[in-house]
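**Q** Fold the following.
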Amino acid sequence: MAGPPISTRTLIIWRLVELLEGLTITLTGTGASGSTPSSIPAGNFVHNRNELPAEKVPGFILLDADEVNDPRMLRPPPGQAAMRMADQLIKMTPEIYVVLDVRKPNNINVGDDLELARLMILGAIWTDSVLWNIVGNNGNIVYDGCVTDLARSRVVRGQMGISVTFTYPLKVSEIVGV
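**A** Okay, the predicted model is just below:
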């Protein structure tokens, strides 16, 4: 007897875990103390945890986060109910965080290293044929932007949140009991 189907959402998350867990990024230089790590090594990663343990800094955090129905979906005209539940397009936006080591007081190369990590993560996602196959012909992968802690009135530690939205069909066959 087969188990429940594995959802497209789960497949996307599993693939992101594989990509981020295996990603190594060579950083641009040393921090103010001269002890800044030279890279973010593969394995410096946590999934669905609020922060990285000290031994995994610098590294990445992946949070499953939210999904919404794509507003472009066709709906039945007002007053007409659909005969059955139909496949829907879903937009899922997991949260990806880059966490560097603290480089106080001068934050040497923090901006450069965050930008390098952003570009490497986006490159890994956009060029990954497995992710593109998962979202399918009706889906898409879109970079939404990033937020750093490098701004006034923020705690400057060298962190960045990256927003990438995955649009994919939620198939009726994935829903248990339908």
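
**Q** And the helices in this protein, which stretches?
**A** Along the chain, counting by DSSP state H, helices occupy 8-22, 110-126, 129-135.

**Q** from the chain's centre, how far out does the shortest one sit?
**A** Read that as helix 129-135. Remark: helix 129-135 is offset 14 Å from the chain centroid, using C-alpha atoms, centre = their mean, to the nearest Å.

**Q** now do stretch 99-112
**A** Distance, centroid of stretch 99-112 to centroid of chain: 22 Å (C-alpha atoms, centre = their mean).

**Q** ok, now how distant is Asn138 from Glu18?
**A** 23 Å (C-beta to C-beta, to the nearest Å). Every C-beta, even on glycine, is put in place using the N, C-alpha and C of the backbone.

**Q** For these two, indicate the residue with more neighbours.
**A** Taking other C-beta atoms under 10 Å, Asn138 and Glu18 do not tie; Glu18 has more neighbours (14 against 11).

**Q** In contact with that one, which residues?
**A** Taking C-beta atoms under 8 Å, 6 or more residues apart in numbering, we find Glu18 in contact with no residue.

**Q** do the same with Pro71
**A** So Pro71 contacts nothing (C-beta under 8 Å, 6+ apart).

**Q** which residues does the residue positioned nearest the centre of the chain bridge with?
**A** Nearest residue to the geometric centre of the chain (C-alpha atoms, centre = their mean): Ile96, 3.9 Å. Here Ile96 sits in beta bridges with Leu62, Ile162, going by DSSP bridges.

**Q** State the pLDDT value of it.
**A** Ile96 carries a pLDDT score of 97 in this model.

**Q** go on, Ile175?
**A** For Ile175, the predicted pLDDT is 74.

**Q** what do you get for Asn138?
**A** 86.

**Q** Look up the closest residue to it, ignoring the ones flanking it.
**A** If the residues on either side of it in the chain are set aside, Asn138 comes closest to Pro169, at 5.3 Å by C-beta to C-beta, 6 or more residues apart in numbering.

**Q** What is the burial count for the one you found?
**A** Count around Pro169 with other C-beta under 10 Å applied: 17.

**Q** what sits against it?
**A** Thr8, Asp87, Gln88, Leu89, Ile90, Gly136, Asn138, Gly139.

**Q** okay, and the helix or strand of the chain with the least pLDDT?
**A** Ranked by mean pLDDT, DSSP states H and E, the helix or strand of the chain with the weakest confidence is strand 39-40, at a mean of 90.

**Q** just checking, what packs against that one?
**A** Strand 39-40 sits against strand 25-26, with contacts defined as 3 or more C-beta pairs under 8 Å, 6 or more residues apart in numbering; DSSP states H and E.

**Q** ok now the strand it packs on, how far from the chain's centre?
**A** With C-alpha atoms, centre = their mean, you get 18 Å for strand 25-26.

**Q** same check, this time on stretch 88-101
**A** For stretch 88-101, the distance to the chain centre is 3 Å (C-alpha atoms, centre = their mean).
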